[in-house]
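Colleague: Structure for this input, please:
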Amino acid sequence: MKDKFYQYIQDLQDVITVTLEQIDGKASFQQDLWERPEGGGGRTRVIQNGNVFEKGGVNISAVHGKLPKSMQAYFNVGDVDFFACGLSLVIHPKSPMVPTVHANWRYFEMYDKEGNIVDQWFGGGQDLTPYYLFEEDAKHFHQVCKTACDKHNPKFYPEYKKRCDEYFHNAHRNEGRGIGGLFFDYCKKTDEMTMEDWYSFVTEVGDSFLDAYVPIVERRKELDYSQEQRDWQEIRRGRYVEFNLVHDKGTLFGLKTNGRIESILMSLPAHVQWRYDYHPEIGSEEEKLVEVLKKPVDWV
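Modeller: Numbers count the residues shown, from 1 in each chain. Below you'll find the predicted structure:
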C-alpha cells in the first residue's frame, strides 16, 4: 500500500504542477530534492512571483525511521518505527479575488520490532480560503467535494465537511480560516471499509482537486482590484499564518520529526499584514466574509 500510494502522489504532483504552470503563464515551479538524515526525503516544488500565483508549493515526502519520543506520546505508543508519505499543497494567488487553497493527502504506517504493520491509516482533505466571498465559487468547490465523497459513501461529505469546519478554526479569533471543504484522518480498516477502499476514496478526492479549484481561478484571475482590497487580502493572510503556526497538526508533526523547515513553512504567504485591532467597515464586502467565517455555511 505504501508503495502504491507513494507512486500515486508522485504522479499527482506532476499533474497539478503542470496545470498550475499553464494557468500562470509566466512562473514555473522550482524543484528541490531533499533527504532526511533519519530516513526518507521528498520533492518540494515551489512557484513564486507569477502572473496569477504569488507563492505556492506542491510538495511530496516519504519519511521513515524510529518514531520520535515527542510523537510517541502524541500517538500514545511505545518504541515503534513509522513510515509516512503525503502530498501537501498551498497556493497563494496574487489577486485578492482569487482564493487561497490548501490540500493534503497522506498515508501512515507503524511497525513493531519484527517489522510487522501494527497500525495504518489515510488522512487528508482540501479547503478554500477566499478573501472576497463569491457564493458561486463556494458552492462549486463544495459540490466537487461532495460528488467525490458520494461515490464512496453518502455519509462522508457531511461528516468530513463538519470536521473541516471544526479543524480549520482559529479558536483564538473565533472564526474559520476559510469556508472549509473536507478533512478526514485516521481512516482505518473497518467492517465496511478495507484499506483498498480507503485508497480508492482518498485518490478520488485527490483527483478531484483541480476540478474544484481551477474553474474558480479562471473565473476570478482577470478581475480588477484596488490597493485597499490587496491590503485586506494581506490582513486575512495574517490569520492564515496564525492558524498554521498555532494549530496545524501537519506543521507540528514536521517540526517534531526533524522535517525540512523550508518545506514545512512553504505554506506561509510572501506578503502579510497585522494591523492593530483592525475591523472592516460595517456593511462592506469584507465584513460579509468575516460574518460567514464566524458560522459555517452549508454550501450544497
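
Colleague: residue furthest from the geometric center of this structure?
Modeller: The C-alpha centroid of the chain is most remote from residue 114, which lies 34.2 Å away (Cα atoms, centre = their mean).

Colleague: OK, contacts around that residue?
Modeller: With Cβ atoms under 8 Å, 6 or more residues apart in numbering as the criterion, no residue contacts residue 114. Bear in mind the C-beta positions are built from the backbone N, C-alpha and C, glycine included.

Colleague: does it count as helix, strand or coil?
Modeller: Secondary structure state of residue 114, per DSSP: H, G, I helix; E, B strand; the rest coil, is coil.

Colleague: Poorly predicted segments of the stretch 151-300 of the chain, please.
Modeller: Along the stretch 151-300 of the chain, no part satisfies pLDDT under 70.

Colleague: all strands in it, in order from the N-terminus.
Modeller: For the stretch 151-300 of the chain, the strands defined by DSSP state E, counting those that start in this stretch cover 169-170, 175-176, 180-187.

Colleague: Just tell me which of the ones you listed ends up closest to residue 258.
Modeller: Nearest to residue 258 among those is strand 180-187; the distance by Cβ to Cβ comes to 22.0 Å.

Colleague: looking just at contacts, which helices and strands does the closest one meet?
Modeller: The contact analysis (3 or more Cβ pairs under 8 Å, 6 or more residues apart in numbering; DSSP states H and E) places strand 180-187 against strand 117-129, helix 135-150, helix 156-167, helix 195-220.

Colleague: cutoff 7 Å now
Modeller: On a contact count with 3 or more Cβ pairs under 7 Å, 6 or more residues apart in numbering; DSSP states H and E, strand 180-187 meets strand 117-129, helix 135-150, helix 156-167.

Colleague: Show me the contact partners of the shortest one.
Modeller: The list of residues contacting helix 156-167 from outside it, by Cβ atoms under 7 Å, 6 or more residues apart in numbering, reads 125, 127, 145-146, 149-150, 176, 180-184, 296.

Colleague: cutoff 10 Å now
Modeller: 124-128, 142-143, 145-150, 153, 176-185, 187, 201, 205, 243, 247-249, 295-300 (Cβ atoms under 10 Å, 6 or more residues apart in numbering).

Colleague: Report the distance from that helix to the chain centre.
Modeller: With Cα atoms, centre = their mean, to the nearest Å as the basis, helix 156-167 stands 14 Å off its chain's centre.

Colleague: buried stuff in it?
Modeller: 156-157, 160-161, 163-165, 167 (16 or more other Cβ atoms under 10 Å).

Colleague: on that earlier part again, restricted to buried residues, select the contacts of helix 156-167 in ChimeraX.
Modeller: To isolate the buried members of the contacts of helix 156-167 in ChimeraX, using 16+ other Cβ under 10 Å:
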select :124,125,126,127,128,142,145,146,148,149,176,177,178,179,180,181,182,183,184,187,201,205,243,247,248,296,299
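
Colleague: Without its sequence neighbours, what residue ends up closest to residue 286?
Modeller: Once flanking residues are discounted, residue 286 sits nearest to residue 280: 3.5 Å by Cβ to Cβ, 6 or more residues apart in numbering.

Colleague: Quick check: phi and psi at the one you found.
Modeller: Per-residue torsions, residue 280: phi -70, psi 160 (degrees, to the nearest 10).

Colleague: Could you report the separation of it from residue 174?
Modeller: As defined by Cβ to Cβ, to the nearest Å, residue 280 lies at a distance of 16 Å from residue 174.

Colleague: do the same with residue 12
Modeller: Separation of residue 12 from residue 174 (Cβ to Cβ): 35 Å.

Colleague: Looking at these two, which is more packed in?
Modeller: Remark: of residue 12 and residue 174, residue 12 carries more neighbours, 21 against 9, as counted by other Cβ atoms under 10 Å.

Colleague: name the element that one belongs to?
Modeller: Per DSSP states H and E, residue 12 falls inside helix 2-24.

Colleague: Just the buried positions in that helix, please.
Modeller: Neighbour-count burial for helix 2-24 flags 2, 5-6, 8-9, 12-13, 16-17, 20-21, 23-24 (criterion: 16+ other Cβ under 10 Å).

Colleague: Then stretch 219-238?
Modeller: For stretch 219-238, the neighbour count (16+ other Cβ under 10 Å) marks 220-221, 225, 229-230, 232-237 as buried.

Colleague: before we move on, what about stretch 57-64?
Modeller: Using 16+ other Cβ under 10 Å as the test for burial, stretch 57-64 gives 57-64.
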